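*Asks:* Below are the sequence and a predicted model; questions follow.
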Amino acid sequence: MSTASPDCLFCKILTGDIAADVIYESDTAIAFRDINPKAPTHVLIIPRKHIATINDIGEDDHSIVGSLYAAAREIAADEGIANDGYRAVMNCNAAAGQTVFHIHLHLLGGRELGWPPG
Ligand code: 5GP
Ligand code: ZN
(Lines give C-alpha, C1' and ligand atoms only; values in the text may rest on other atoms or scores of the structure.)
(Ligands and ions follow the chains in the order given, each with its own letter.)
Protein backbone atom coordinates (compact mmCIF):
# COMPACT_ATOMS: atom_id res chain seq x y z
CA MET A 1 0.00 0.00 0.00
CA SER A 2 3.06 2.30 -0.08
CA THR A 3 2.31 5.23 -2.33
CA ALA A 4 4.66 7.79 -0.80
CA SER A 5 4.71 11.13 -2.56
CA PRO A 6 8.23 12.60 -2.49
CA ASP A 7 7.35 16.15 -1.50
CA CYS A 8 4.63 15.28 0.99
CA LEU A 9 5.23 16.25 4.62
CA PHE A 10 2.96 13.54 6.00
CA CYS A 11 4.55 10.85 3.82
CA LYS A 12 7.86 11.91 5.40
CA ILE A 13 6.33 11.46 8.85
CA LEU A 14 5.15 8.00 7.74
CA THR A 15 8.66 7.01 6.66
CA GLY A 16 10.22 8.53 9.79
CA ASP A 17 12.19 11.14 7.84
CA ILE A 18 10.38 13.83 9.86
CA ALA A 19 9.76 13.26 13.56
CA ALA A 20 6.28 13.34 15.06
CA ASP A 21 4.64 12.37 18.33
CA VAL A 22 2.95 9.24 16.99
CA ILE A 23 0.27 7.91 19.35
CA TYR A 24 -1.53 5.32 17.19
CA GLU A 25 -0.62 2.92 14.41
CA SER A 26 -2.64 0.38 12.43
CA ASP A 27 -2.19 -1.40 9.12
CA THR A 28 -3.89 1.45 7.28
CA ALA A 29 -3.43 4.57 9.41
CA ILE A 30 -1.25 6.40 11.91
CA ALA A 31 -2.02 9.31 14.23
CA PHE A 32 0.22 11.94 15.76
CA ARG A 33 -0.20 15.15 17.74
CA ASP A 34 -0.61 18.36 15.76
CA ILE A 35 2.51 20.55 16.00
CA ASN A 36 0.29 23.64 16.53
CA PRO A 37 -2.61 22.34 18.62
CA LYS A 38 -5.95 24.19 18.45
CA ALA A 39 -7.43 22.33 21.45
CA PRO A 40 -6.11 20.37 24.46
CA THR A 41 -6.40 17.25 22.30
CA HIS A 42 -5.50 17.87 18.65
CA VAL A 43 -4.46 14.71 16.84
CA LEU A 44 -4.04 14.19 13.09
CA ILE A 45 -5.10 10.79 11.77
CA ILE A 46 -3.72 9.97 8.33
CA PRO A 47 -3.87 6.99 5.98
CA ARG A 48 -0.62 5.23 5.17
CA LYS A 49 -1.67 5.62 1.54
CA HIS A 50 -0.98 9.04 0.03
CA ILE A 51 -4.34 10.53 -0.96
CA ALA A 52 -4.09 14.27 -1.63
CA THR A 53 -7.62 15.49 -0.86
CA ILE A 54 -11.12 14.18 -0.22
CA ASN A 55 -11.69 14.73 -3.94
CA ASP A 56 -9.06 12.07 -4.65
CA ILE A 57 -10.61 9.30 -2.52
CA GLY A 58 -11.24 6.37 -4.83
CA GLU A 59 -13.79 3.57 -4.68
CA ASP A 60 -11.04 1.27 -3.41
CA ASP A 61 -10.17 3.65 -0.58
CA HIS A 62 -13.44 3.47 1.35
CA SER A 63 -12.22 0.99 3.95
CA ILE A 64 -9.06 3.04 4.45
CA VAL A 65 -11.08 6.19 5.07
CA GLY A 66 -13.38 4.25 7.39
CA SER A 67 -10.33 3.16 9.34
CA LEU A 68 -9.53 6.81 10.09
CA TYR A 69 -12.82 7.05 11.98
CA ALA A 70 -12.16 3.79 13.79
CA ALA A 71 -8.87 5.34 14.91
CA ALA A 72 -10.69 8.51 16.00
CA ARG A 73 -13.04 6.50 18.18
CA GLU A 74 -10.17 4.64 19.82
CA ILE A 75 -7.99 7.71 20.37
CA ALA A 76 -10.91 9.75 21.75
CA ALA A 77 -11.49 7.02 24.33
CA ASP A 78 -7.78 6.93 25.21
CA GLU A 79 -7.69 10.73 25.54
CA GLY A 80 -10.74 10.72 27.82
CA ILE A 81 -12.85 12.94 25.56
CA ALA A 82 -15.26 10.37 24.12
CA ASN A 83 -18.14 11.10 26.49
CA ASP A 84 -17.84 14.89 26.68
CA GLY A 85 -17.53 15.11 22.91
CA TYR A 86 -15.05 15.93 20.22
CA ARG A 87 -14.85 16.85 16.56
CA ALA A 88 -13.37 14.79 13.71
CA VAL A 89 -13.03 16.97 10.64
CA MET A 90 -11.21 16.96 7.34
CA ASN A 91 -10.53 20.13 5.33
CA CYS A 92 -10.61 19.93 1.54
CA ASN A 93 -8.60 22.36 -0.59
CA ALA A 94 -7.77 26.02 -0.09
CA ALA A 95 -11.13 27.55 0.81
CA ALA A 96 -11.46 25.13 3.71
CA GLY A 97 -7.91 25.82 4.88
CA GLN A 98 -6.19 22.60 3.78
CA THR A 99 -2.45 23.21 3.89
CA VAL A 100 -1.05 19.66 3.79
CA PHE A 101 -2.20 17.70 0.75
CA HIS A 102 -2.31 14.23 2.28
CA ILE A 103 -5.73 13.69 3.80
CA HIS A 104 -5.92 13.90 7.57
CA LEU A 105 -8.71 13.74 10.07
CA HIS A 106 -8.34 16.42 12.75
CA LEU A 107 -9.45 15.00 16.10
CA LEU A 108 -10.15 17.97 18.38
CA GLY A 109 -11.41 17.90 21.94
CA GLY A 110 -10.86 18.79 25.54
CA ARG A 111 -12.71 22.12 25.34
CA GLU A 112 -16.03 23.50 24.14
CA LEU A 113 -15.91 23.68 20.33
CA GLY A 114 -17.84 26.46 18.60
CA TRP A 115 -20.18 25.79 15.72
CA PRO A 116 -20.18 26.64 12.89
CA PRO A 117 -16.40 26.73 12.43
CA GLY A 118 -14.99 29.90 10.86
P1 5GP B 1 -4.84 21.41 7.35
O2 5GP B 1 -4.76 22.92 7.50
O3 5GP B 1 -4.17 20.94 6.10
O4 5GP B 1 -6.22 20.86 7.51
O5 5GP B 1 -4.04 20.83 8.60
C6 5GP B 1 -2.66 20.66 8.59
C7 5GP B 1 -2.23 20.52 10.04
O8 5GP B 1 -0.92 19.97 10.07
C9 5GP B 1 -2.19 21.84 10.81
O10 5GP B 1 -3.07 21.77 11.92
C11 5GP B 1 -0.72 21.97 11.21
O12 5GP B 1 -0.57 22.53 12.50
C13 5GP B 1 -0.22 20.55 11.15
N14 5GP B 1 1.18 20.41 10.84
C15 5GP B 1 1.86 21.07 9.86
N16 5GP B 1 3.15 20.67 9.83
C17 5GP B 1 3.27 19.73 10.82
C18 5GP B 1 4.39 18.96 11.27
O19 5GP B 1 5.51 19.02 10.76
N20 5GP B 1 4.14 18.10 12.29
C21 5GP B 1 2.92 17.99 12.89
N22 5GP B 1 2.80 17.13 13.90
N23 5GP B 1 1.84 18.71 12.47
C24 5GP B 1 2.03 19.57 11.45
ZN1 ZN C 1 1.58 11.96 1.49
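*Replies:* Arrived safely. Ligands and ions are numbered 1, 2, ... in the order given.
*Asks:* how about the residues of this protein near ligand 2?
*Replies:* Selection of the chain residues close to ligand 2 by CB under 5 Å from the ion yields 5, 8, 10-11, 50, 102. The C-beta positions use only the backbone N, C-alpha and C, and glycine is treated the same way.
*Asks:* what's the farthest-apart pair in these?
*Replies:* Longest distance between any two of the residues of the chain next to ligand 2 is 8.9 Å, between S5 and F10; criterion CB to CB.
*Asks:* where do the contact lists of the two overlap?
*Replies:* Counting by CB atoms under 8 Å, 6 or more residues apart in numbering, the common neighbours of S5 and F10 are 50, 102.
*Asks:* before we move on, the earlier item: take the residues of the chain next to ligand 2 and keep only those in strands.
*Replies:* Using DSSP state E to define strands, no part of those is located there.
*Asks:* between S5 and F10, which one's more packed in?
*Replies:* A direct count of neighbours by other CB atoms under 10 Å for S5 and F10 places F10 higher, at 22 against 14.
*Asks:* contacting residues around that one?
*Replies:* Applying CB under 8 Å, 6+ apart, we find F10 in contact with 44, 46, 50, 100, 102, 104.
*Asks:* mind checking pLDDT for the last one?
*Replies:* Model confidence at H104, given as pLDDT, is 98.
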